[in-house]
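Participant: next input, structure requested:
(2 chains)
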Protein chains: 2
Amino acid sequence: MRAVVIHEYGGPEVLKLEERPEPQARDTEILVEVHATSVNPVDTKVRQNSSAQRTLPLILGFDVSGVVVRCGSRVTQWKPGDEVFATPNLFRNGANAEYVAIDARSAARKPANVDHATAASLPLVSQTAWEALHLRARIQPGQTILVQAGAGGVGHITVQLARLHGCRVITTAGRAESMAFCRDVLHADEVIDYRAEDVVKRVHALTAGHGVPVVIDTVGGDTFLQSLDCAALNGQIVTILGSNTGDRGRGLLYRNVTVHYEFVGVPTAHEIEPDRPGNILTSIANLVDGGLLRPHVSHRFALEDVADGHRQVETGRTVGKVAIIVRR
Amino acid sequence: MRAVVIHEYGGPEVLKLEERPEPQARDTEILVEVHATSVNPVDTKVRQNSSAQRTLPLILGFDVSGVVVRCGSRVTQWKPGDEVFATPNLFRNGANAEYVAIDARSAARKPANVDHATAASLPLVSQTAWEALHLRARIQPGQTILVQAGAGGVGHITVQLARLHGCRVITTAGRAESMAFCRDVLHADEVIDYRAEDVVKRVHALTAGHGVPVVIDTVGGDTFLQSLDCAALNGQIVTILGSNTGDRGRGLLYRNVTVHYEFVGVPTAHEIEPDRPGNILTSIANLVDGGLLRPHVSHRFALEDVADGHRQVETGRTVGKVAIIVRR
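Facilitator: Sure, this is the predicted structure:
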């Protein structure tokens, strides 16, 4: 099969289109014919080896939308021909290839009313957003939620899911295009221009001085520290990056704050809670089919141009998602 | 009334016995004749001004066991003569005095089968332990809990409450006396000598390599970092100090860890959840009266010797609690 492989860590140029053997599906796995995948920041980080060590060569691409072509002997819920979408195991080979083997329980039926590229833009970011909001922060209707970088991949799904759950959403953006997207497409309640305004002050002004009960930080670094400063008494911050608290500990103590570190790949990597990803994606598919959740694909590249997709994600300016079309 | 007052920050010598006016009880408060109070680390920190700024002069002592002598006009649940125990508001005057005014809802009936000194050793540490275990980490029977410094004030109540809830408790101690106390009096399941053993390695050895789902850190600093390293996948750390994560963020991310900052004074200081402290202390009193929870008072000092109580707490070697006897 055609696959984009990395044999060494480095820039986008290490992504090489090659002929590779088809993966074998284990007993509990399905082999999926990949119609589309997407580029997430985790792809670029693994490619640069800024993350944990991997075994090379490696196929990236941790989203898939496609068609089941083979089922392992213990798989009962799928049959060849079924259209599914899923996040492949983040610690094995991904979907920058014509075929990928995934745990049958991690997949859900593809949303019917969107194409494969749009469906492939969803799994990783929507599971992350869902877990952050519902499993970690346990948001409640009426709460005010701050989403850092609402126009981004995880951000644009988080804003929508929080609003669907009855929350008031404050979000941040840095360019005219991103701000307009947050306001006019995502319908965020408040959009803060983080380049022009002091985000911490503005969040307090928007919350009668209290700060917010929940912050979803999709940026990390200084934005994580800013997120800590935006949390109200008994507030919660969910970060999807490996951020440190700097010198904020004492302030966090005097506000009874909770910090959740959320990495969506953990259950799959450690083979715990195998049904969780599929269950979440089933809910996501229902929302998409009902027209309640609208994933946004701003760029599409062919598989052989996946390096350009990496370059686009690395600009840090992508509105929504970068899809990779594997089969037309 | 007699009271020990600080007019300046500094060593134990700034604690001065003086004559002061009796406090006024507001509408929702009760005036309590103090029979005993205790010394907590928060007293020594405020005295040194290592914590937030206060207005001087100030009376420390953030535990009380005593008798109601006057009730504010809106107080219905207490009458003069009732024996109560409570944590005075951590941001107002405390109980190093013959009388203290406290929110009526923050008090609970004193446990009947212990003396005032023993009852006064409970409120702050037992509310902290209860909130850490039940409100923050939400412990479950069968879980393994690591309690850092099990022989300490918060530690010795935390070990007992976790065991009462059906948890297996691993705890740390550093001296023969503390280790024997954890083993023979508290009946901790495992006691790690943190001076002789690598705590992180030993915790992993005791948990089939997984680490623990819940750590209660009562020490902070390097012990907090060690606590982070002891947390299992999806683990939770509750710290009662303003500790920072150092460089541990990435590891926390890849294990989906949650960090809770727990400061028991927050609700009272901000006048939110006014019934919480009294409700928790009512449960604590029931456990004490049933013989299920045994607070340990290792040192007793008279009010005029409260400075010696501070010196004892500052050794960091106190087993259980230091009580201050105000009325014999």
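
Participant: centre of the chain to the helix ranked longest in chain A, how far?
Facilitator: For chain A, the longest helix by residue count, based on DSSP state H, is helix A:276-289. Relative to its chain's centre, helix A:276-289 lies at 14 Å (CA atoms, centre = their mean, to the nearest Å).

Participant: contacts for that helix, please.
Facilitator: Helix A:276-289 is contacted by residues A:85-87, A:105-114, A:119, A:122-123, A:126-127, A:130-131, A:161, A:164, A:267-268, A:293-295 when judged by CB atoms under 8 Å, 6 or more residues apart in numbering or on different chains. Using the backbone N, CA and C atoms, a C-beta is placed for each residue, glycine as well.

Participant: go on, stretch A:176-191?
Facilitator: In contact with stretch A:176-191 (CB under 8 Å, 6+ apart) are residues A:147, A:150-151, A:156, A:159-160, A:163, A:168-173, A:193, A:206, A:294, A:296, A:317, A:319-320.

Participant: go on, stretch A:159-169?
Facilitator: A:126, A:129-130, A:133-134, A:139-147, A:150, A:171, A:182, A:186-190, A:214, A:216, A:287, A:292-294.

Participant: ramachandran angles for the closest residue to residue A:303 other than its chain neighbours?
Facilitator: Excluding the flanking residues, the one nearest residue A:303 by CB to CB, 6 or more residues apart in numbering or on different chains is residue A:326, at 4.8 Å. Phi and psi for residue A:326, reported as degrees, to the nearest 10, are phi -100, psi -40.

Participant: for residue A:326, give its distance to chain B.
Facilitator: 29 Å (CB to the nearest CB, to the nearest Å).

Participant: still on that earlier bit, which of the contacts of stretch A:176-191 fall within helices?
Facilitator: A:156, A:159-160, A:163.

Participant: which of those residues has the most neighbours?
Facilitator: residue A:156 (32 neighbours; other CB atoms under 10 Å in any protein chain shown).

Participant: how many residues are close by the residue lying closest to it once chain neighbours are set aside?
Facilitator: Once flanking residues are discounted, residue A:156 sits nearest to residue A:320: 5.3 Å by CB to CB, 6+ apart. Counted by other CB under 10 Å, the residues lying close to residue A:320 total 24.

Participant: got the contact list for residue A:16?
Facilitator: Contacts for residue A:16 (CB under 8 Å, 6+ apart) come out as A:4-7.

Participant: mind putting these into CSV with distance to chain B, pLDDT and neighbour count?
Facilitator: Shown next, in CSV, are the contacts of residue A:16 (distance: CB to the nearest CB, whole Å; pLDDT from 0 to 100; neighbours: other CB atoms under 10 Å in any protein chain shown):
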residue, distance to chain B, pLDDT, neighbour count
A:4, 25, 98, 26
A:5, 24, 98, 19
A:6, 20, 96, 20
A:7, 24, 95, 12
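
Participant: up against chain B, what does chain A have?
Facilitator: With the criterion set to CB under 8 Å from any CB of the partner chain, chain A comes near chain B through A:52, A:136, A:233-234, A:239-263, A:266, A:270, A:272.

Participant: just the ones of these in helices?
Facilitator: With helices taken from DSSP H, the overlap with the residues of chain A next to chain B comprises A:249-253, A:266.

Participant: pull the most distant pair out of those residues.
Facilitator: A:250 and A:266 (29.3 Å; CB to CB).

Participant: neighbour count: these two, which is higher?
Facilitator: The neighbour comparison of residue A:250 against residue A:266 (other CB under 10 Å) goes to residue A:266, with 20 against 17.

Participant: I'd say that one and residue B:254 touch.
Facilitator: Yes: between residue A:266 and residue B:254 a contact is recorded at 7.0 Å, counting by CB atoms under 8 Å.

Participant: what segments of the stretch 51-200 of chain A are helices?
Facilitator: Shown for the stretch 51-200 of chain A, the helices assigned by DSSP state H, counting those that start in this stretch span residues A:116-120, A:123-130, A:153-164, A:176-180, A:199-205.
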